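1. Compute the structure for the input listed below.
(chains A and B, ligands or ions: 1)
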Amino acid sequence: MNSAASARPGTEAPRTLAEKVWDAHVVSQGENGNPDLIYIDLHLVHEVTSPQAFDGLRVAGRPVRRPDLTIATEDHNTPTLQIDRPIADPTSRIQIETLRKNAAEFGIRIHSLGDKEQGIVHVVGPQLGLTQPGITVVCGDSHTSTHGAFGAMAFGIGTSEVEHVLATQTLPLKPFKTMAINVEGTLRPGVTAKDIILAVIAKIGTGGGQGYVLEYRGSAIRALSMDGRMTICNMSIEAGARAGMVAPDDTTFDYLRGRAHAPEGEDWDAAVEYWRTLPTDEGATFDAEVFIDADALEPFVTWGTNPGQGVSLSDTVPAPDDFEDPHERAAAERALEYMDLEAGTPLKDIKVDAVFMGSCTNSRIEDLRAFASIVRGKQKADGVRVMVVPGSARVRLEAEAEGLDKVFEEFGAEWRFAGCSMCLGMNPDQLAPGERCASTSNRNFEGRQGKGGRTHLVSPLVAAATAIRGTLSSPWDLEQIADPASASETEGAMA
Amino acid sequence: MEKFETVTAIAAPLRRSNVDTDQIIPAQFLKRVTKTGFDDALFFGWRQDPEFVLNQPVFQGAEILITGPDFGTGSSREHAVWALRDFGFKVVISPRFGDIFRGNSGKQGLLAAQVEETDVERLWAAIEAQPGITATVDLVARTVSIGELSVPFGIDDYTRWRLLEGLDDIGLTLRDEDSITEFETRRESWRPRTLPVREPAEVGGQ
Ligand code: SF4
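-> Predicted coordinates for the structure are as follows:
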């Protein structure tokens, strides 16, 4: 990032969104290649990566500098059934109890299991209106990139950095490079934000974003709701980037207005005035640019064991020989073996055992509505287990107020309490070895959803179509969303 | 972190080389949620043997550990340093350290002092002639001495400065605390705060 810009007052060089946010947070500039000290506006805390950080403070006798910029919730280890019972797994229980003790000792706001604001840390921040344009957000979790959807600079940090932020509300950071991801055009019905980001990762690769802050731009991004933008920014880390951002606009402000911690009255006006100055200036340059044609995108699915191994649902499973790069070829070979797939198999012939609708990628109200719009009045396929897990207790309440819980239950799905759930094998919701799952989460790594489990990453619409048919399916396979006539013209869209 | 100048304490000889971090603390202890209380885990495998040097009464209370070359290699686990620190060690002496271990040590106030292999042999001999004898590690003069014997040790200037000043990463940042405070006075008042807890005025946008 060109943080030097702020050192030259009076120079009005055009800047990107990311550069503006960076420049506004430099506490002191690093000299001789040393990092800048960057102020952190919002620190989100959960039970897994915080205990040693709090213990470090205790050893050094340090307080938390700004409890009023810090908030904790429980998500990774929490069960999604019988949440009033003691947590059975001792390690999970200890982590949760430790977080509660630390929050009490250091004066930090916490939303515990059973509280209406409890939930996945990346769902809770935006929903409370704490995630705002132009702020810096950190959390000991790589999917902190989610919050970039508001035009914030948000990234994951390690436990010693968590301690550093708790103690100083700052982080020493070296500037990032910037990459523009231009998504122009109009998505066809049935194609969603999740398909955009899966296509981006398939295009630039799981390492393509390394060292960059990605800025998602273009008409297709502007047309997305905040929930869709969060889905996209969430998976920036899956492209190797530490952060992803979308410039704030009226969609952002409409989402924030009236939320618990959004500014009010004159503060709101001052904030909006500032927020409107944040979008990338005309003439600002990015270190790299990528172009995606939104009109050509189809519902997407991963076939392998990293999020870059994805194709359109109308495709077949690729063969290792399709890849020129020897590393990619070897990775494909290993992935096909782990996933138990034959090259050349149409994706739509692949039978699943489970469908997981949830995670910080796709568990907000709009995601649940999308899923419900497809399964309403239908029955799930025989032998397929379908779990719907809201991202937060508030999302759960909202969904129930709209009657979505009934839709899911009549469909034959399990309607759960909020948490990370089957996104990762850290709580009771896990796949059995060999089970295959269409999942709206963000990582299809080996064993991610349980030892030996096989994950296909999909959008909520694809998850719903798959739950109905029992095989990986596109929403275009259902009558609600007619297969757009142009579907056949899209071959090679991702080339 | 406390400022480090000199330590005078019992020195324990660990006549082994290639002590990797798995030996210092086995993986089974990594599940804990604390950064302290790892004293029981230090050299867990070896301590099952009553003859092990740290089990011998003469070395109880040792704060200086003198080991063979390549101490702290292998896995990056910071727990290895925590375990040594929690057991009471303030100094580890070796002819060569694993890089990550040495970095982690500096951050936690544990002095990793690099001493020529021949000098390590002389230190071991001095201790074995008089088990339980104290050694003095002087960070200002960069020497280790036992009785009449005094040998130099190596440490990079930056880590030495931080140890002498008692600065960990956080301490280092807090030297700049005035800038942080000054920055905070400039921050717009409408930036988000988690406290006091507020309820939504109305249900949010979507
Ligand atoms: S839902 Fe999954 S990716 Fe998101 S924070 Fe939880 S475990 Fe991480």
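2. how about stretch B:162-180, does it reach chain A?
-> Yes. Applying C-beta under 8 Å from any C-beta of the partner chain, one finds that stretch B:162-180 is in contact with chain A at B:168, B:169, B:170, B:173, B:174, B:176, B:177, B:179, B:180. Where you see a C-beta, it was placed from the backbone N, CA and C, and this is true even at glycine.
3. Report the two of these separated the most.
-> B:168 and B:179 (18.5 Å; C-beta to C-beta).
4. which one of the two has more residues nearby?
-> Taking other C-beta atoms under 10 Å in any protein chain shown, residue B:168 and residue B:179 do not tie; residue B:168 has more neighbours (21 against 16).
5. Now do the contacts for that one.
-> Each residue near residue B:168 by C-beta atoms under 8 Å, 6 or more residues apart in numbering or on different chains is listed here: A:60, B:1, B:107, B:108, B:109, B:162.
6. Also near the ligand: which of those residues, exactly?
-> Taking C-beta under 6 Å from any ligand atom as the test, the ligand is in contact with none of the contacts of residue B:168.
7. Tell me the one among the residues you listed nearest to the ligand.
-> residue B:107 (27.0 Å; C-beta to the nearest ligand atom).
8. In terms of pLDDT, where does that closest one sit?
-> On pLDDT, residue B:107 comes in at 83.
9. What residues sit buried inside the helix or strand harbouring it?
-> Following DSSP states H and E, one finds residue B:107 within helix B:99-108. Across helix B:99-108, burial judged by 16 or more other C-beta atoms under 10 Å in any protein chain shown covers B:100, B:101, B:102, B:103, B:104, B:105, B:106, B:107, B:108.
10. and residue 121, how many neighbours does it have?
-> By default, I'm working from chain A. For residue A:121, the neighbour count with other C-beta under 10 Å is 28.
11. please go with chain B instead
-> Using other C-beta under 10 Å, residue B:121 has 14 neighbouring residues.
12. what helix or strand is it on?
-> helix B:117-129.
13. Can you pull the residues of chain A lying near the ligand?
-> Checking chain A against the ligand by C-beta under 6 Å from any ligand atom, the hits are A:75-76, A:120, A:122, A:141, A:143, A:359-360, A:420, A:423-424, A:441-442.
14. How confident is the prediction for residue A:420, by pLDDT?
-> As predicted, residue A:420 sits at a pLDDT of 95.
15. same check, this time on residue A:485
-> 48.
16. Low-confidence ranges, chain B, go.
-> Counting by pLDDT under 70, the ranges of chain B that qualify are B:201-206.
17. Scan it for its longest strand.
-> In chain B, taking DSSP state E as the definition, the longest strand is strand B:6-14.
18. Which residue is the nearest non-sequential neighbour of residue A:396?
-> Counting by C-beta to C-beta, 6 or more residues apart in numbering or on different chains, residue A:390 is the residue found nearest to residue A:396 once chain neighbours are left out, at 4.1 Å.
19. what does residue A:221 give?
-> In space, and not counting its chain neighbours, residue A:221 is closest to residue A:183: 5.3 Å by C-beta to C-beta, 6+ apart.
20. sec struct for the one you found, please.
-> strand (DSSP: H, G, I helix; E, B strand; the rest coil).
21. rewinding a little: buried residues, the helix holding residue B:121. List them.
-> Using 16+ other C-beta under 10 Å as the test for burial, helix B:117-129 gives B:119, B:120, B:123, B:124, B:126, B:127.
22. Break down chain B into its helices, ranges please.
-> Under the criterion DSSP state H, helices of chain B are mapped to B:21-24, B:79-87, B:99-108, B:117-129, B:157-165, B:169-174, B:177-186.
23. go on, the stretch 1-150 of chain A?
-> A:17-23, A:51-60, A:90-106, A:121-127 (DSSP state H, counting those that start in this stretch).
24. any idea which of the ones you listed is most buried?
-> helix A:121-127 (a mean of 28; mean count of other C-beta atoms under 10 Å in any protein chain shown).
25. outside of that helix, which residues touch it?
-> Helix A:121-127 is contacted by residues A:42, A:44-46, A:71, A:73, A:75, A:111, A:117-119, A:131, A:137, A:139, A:141, A:143-144, A:146-147, A:149-150, A:226, A:230, A:234, A:255, A:259, A:360, A:363-364, A:391-392, A:394-395, A:418, B:204 when judged by C-beta under 8 Å, 6+ apart.
26. give me that answer again for 6 Å
-> A:44, A:46, A:73, A:75, A:131, A:139, A:143, A:146, A:360, A:391, A:392, A:394 (C-beta atoms under 6 Å, 6 or more residues apart in numbering or on different chains).
27. Output those as TSV; include the columns neighbour count, distance to chain B and pLDDT.
-> Output for the contacts of helix A:121-127, formatted as TSV (neighbours: other C-beta atoms under 10 Å in any protein chain shown; distance: C-beta to the nearest C-beta, whole Å; pLDDT from 0 to 100):
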residue	neighbour count	distance to chain B	pLDDT
A:44	24	9	98
A:46	24	13	95
A:73	30	11	97
A:75	29	16	94
A:131	32	8	98
A:139	27	13	96
A:143	27	20	95
A:146	32	16	98
A:360	28	17	97
A:391	32	14	98
A:392	31	12	97
A:394	24	9	96
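28. Of these, which belong to strands?
-> Those of the contacts of helix A:121-127 mapping onto strands are A:44, A:73, A:139, per DSSP E.
29. picking up where we left off before, what is the helix holding residue B:121 packed up against?
-> Where contact means 3 or more C-beta pairs under 6 Å, 6 or more residues apart in numbering or on different chains; DSSP states H and E, helix B:117-129 is packed against strand B:6-14.
30. name the helices or strands packed onto the strand it packs on?
-> Going by 3+ C-beta pairs under 6 Å, 6+ apart, strand B:6-14 lies up against strand B:64-67, helix B:117-129, strand B:134-138.
31. quick check: angle from it to strand B:134-138?
-> 120 degrees (axes from the mean of the first three to the mean of the last three C-alpha atoms, to 10 degrees).
32. For strand B:6-14, list every residue counted as buried.
-> Counting neighbours by 16+ other C-beta under 10 Å, strand B:6-14 gives B:7, B:9, B:10, B:11, B:12, B:13, B:14 as buried.
33. likewise stretch A:155-162?
-> A:155, A:156, A:157, A:159, A:160, A:161, A:162.
34. Dump the helices and strands packed on strand B:6-14 to a markdown table, plus distance to residue A:409.
-> Listed next are the helices and strands packed on strand B:6-14 as a markdown table, based on distance: least, C-beta to C-beta, whole Å:
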| stretch | distance to residue A:409 |
| --- | --- |
| strand B:64-67 | 62 |
| helix B:117-129 | 70 |
| strand B:134-138 | 69 |
